[in-house]
Structures are given as structure tokens and as C-alpha cells.
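A.B. asks: the sequence isn't on hand, but the structure is:
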Ligand code: GLU
């Protein structure tokens, strides 16, 4: 395991390696497509690699056919990825070996707090984001009790969690007061997103993560896992989310429109790329161009993409 993660660290020395990591919980909506386009553009502008990882650990949320649809959509838009597709569901052995080693080393503890209990203690201010550590010092077993397994939490050390952001000020959150002990294995037995994602960024040698702004605060938990793995975090760019006319972010669950909607109106690839780019102000509304043509345009305007994204992030 250590050797594998060290190889990942060494891979980082070979230049820009980005990734796009959709969850196959539905078809990509316009906002997801735009983030994929931006992530691809950034990697290609840097002459780097762009990997595609499918975050398919949360099996109850998977939608049949969604993975295939995602791959088709990316291909249709001309967003080609490098190397073999990576599926988190095929990497459970790696995640479990980290969990086992950390459990043996006393870095994790079992937690039996239910979501409802945590919601109650956080009332009246709504959801509690930082775990108050109720189970930290309790001598609890790891096995099932009353038919329920515990979740496994990482004992977070003191200090701040820091990471660099390419489009905004560096991220920093205080570990104990703003992040808390992160769940790495859920009570339903599933490997948690933060654990798998942090291990993958390292194992796949990712140097740059370009993803939606909604994941900004998740970064701290992932940086905590990376710190425990002994690795510095990659660099992050959290890009603006596409909002509808009412200012709401789009959602797969609510069936926000994706390529199917564009196609139903008879749009082809260049029309869609033009629309995604125009929504950021990269090209004029109504312009048609392929992903490769957009890339070529941006090659002649160094720094433009980052400047546009940075401006869009300003409140
Ligand atoms: N799979 C996550 C999602 O689709 C994103 C993961 C990431 O980019 O870190 O929201």
C-alpha cells in the first residue's frame, strides 16, 4: 500500500494531472457538463493529462445506465480522457487496506451516534456540520450492536487544514472546530467519499483538482486524509456553479437539463460547447465551436480562462 501511494506521489512529478470524477447517479446536467469542459480545458491548456474517474461507491444512489450515458456525453462533446477509465468500485481493496492499517494503528474510532442524535443536538441551528466527538473517548466495540454497525471516524489532530486554490484565496479551516473527526467508513458499511477521493488523488498522481464550488468545504476533510497518508494535497480550483434564473444550483436529482434536452432541440456538439462557453462569457452568445476549437482560441489568450472563472467566483 505504502509503495503504491509513493508511486502516486512520484507521478505528480511528471507535470499536470487533472481528473473529472462524476457520480453515476444520473445524467450530467448543464452545470456538470460545463465543469467537465473547464476541467478538460485546464488540463489541455497545461499540456497535461485528464483522467476520468467514476465515483460509484454509493451503490444505493447509482442509476442504471448513468455511467454509460456520462461516457457518451463526454465523447459527444469531444472531451477525451487519458488512460483507462477508473472506477472507485474496483478499488475497494486499496481503500480497505488503508482503513485496516489505520484502525490497527489506533487512528480511527467507532462511532455510534445516529444522524438523528446529531441533528437533535445541533437544534435549533439546523444541521451540525462538525462532529462534537461524543464517541471519541468511549470504549466501544467495532462489531454490530442491536443490529447496527458503527461508523469509523478519523481522530483529527489539532491545527489548521490548508490547501491552495488557483482561482481564489488559499483554503484554510481549523481541524477541530470547523471540520471535526471525519467519517471514513459509514455505518452502512460503505467506504466514505472523502477517504476514497483522497486516496485516489494520491494514488493516481493528481496534481490539480478542478471541480464545482459546492465541494469547497469537502476539501478540508480530504486534506485531513491526505495529511494522514503523509502527502501534501493537490492544488484545487473550485469553479462557479451554473445557477438557474431563480439563482438555484442545478441538480441531477431534480432532473436539470443535460445533453438530452439540448439534443431534443436539435443542437449539435459545437452549439452546446458554444452555449457552455458563452455562459461563462468565454465566447459570444450563439457562437458555435468544438471543444478543440475553444481550446485553440484559449491557447492564444493565456490566463483568460482562469481570469474569467476567478471573476465569476466574486460575490
Ligand atoms: N463525485 C462527486 C460528484 O459528482 C465529485 C467528486 C470530486 O470531484 O471530488 O459530485
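C.D. replies: Sure thing, it's come through. Only a predicted model underlies this, so the values are computations on that prediction, with no experimental measurement involved.

A.B. asks: now residue 96: how far from the ligand?
C.D. replies: Per C-beta to the nearest ligand atom, to the nearest Å, residue 96 is found 20 Å from the ligand. In this view, the C-beta of every residue, glycine as well, is placed from N, C-alpha and C.

A.B. asks: does residue 38 sit in a helix, a strand or a coil?
C.D. replies: helix (DSSP: H, G, I helix; E, B strand; the rest coil).

A.B. asks: what is the neighbour count of the residue lying closest to it once chain neighbours are set aside?
C.D. replies: Nearest non-adjacent residue to residue 38, counting by C-beta to C-beta, 6 or more residues apart in numbering: residue 239, 5.3 Å away. Residue 239 is flanked by 26 other residues according to other C-beta atoms under 10 Å.

A.B. asks: and residue 85, by the same measure?
C.D. replies: 12.

A.B. asks: thought the residue nearest to residue 38 was touching residue 209?
C.D. replies: No. Counting by C-beta atoms under 8 Å, no contact exists between residue 239 and residue 209, whose distance comes to 10.5 Å.

A.B. asks: relative to the ligand, how far out is residue 143?
C.D. replies: From residue 143 to the ligand the distance is 31 Å (C-beta to the nearest ligand atom).

A.B. asks: about what we covered before: phi, psi for the residue nearest to residue 38 please.
C.D. replies: Residue 239 has phi and psi values of phi -100, psi 150 when expressed as degrees, to the nearest 10.

A.B. asks: can we start the residue count at 51 from this point?
C.D. replies: Happy to do that; since the first residue is 51 now, the last one works out to residue 289.

A.B. asks: which residues touch it?
C.D. replies: 85, 88, 89, 217, 260, 261, 262, 263, 359, 362, 363 (C-beta atoms under 8 Å, 6 or more residues apart in numbering).

A.B. asks: burial check on the nearest residue to residue 362 once chain neighbours are set aside, number of neighbours?
C.D. replies: Nearest non-adjacent residue to residue 362, counting by C-beta to C-beta, 6+ apart: residue 290, 4.3 Å away. Applying other C-beta under 10 Å, we find 21 residues neighbouring residue 290.

A.B. asks: no further queries at this time; thank you.
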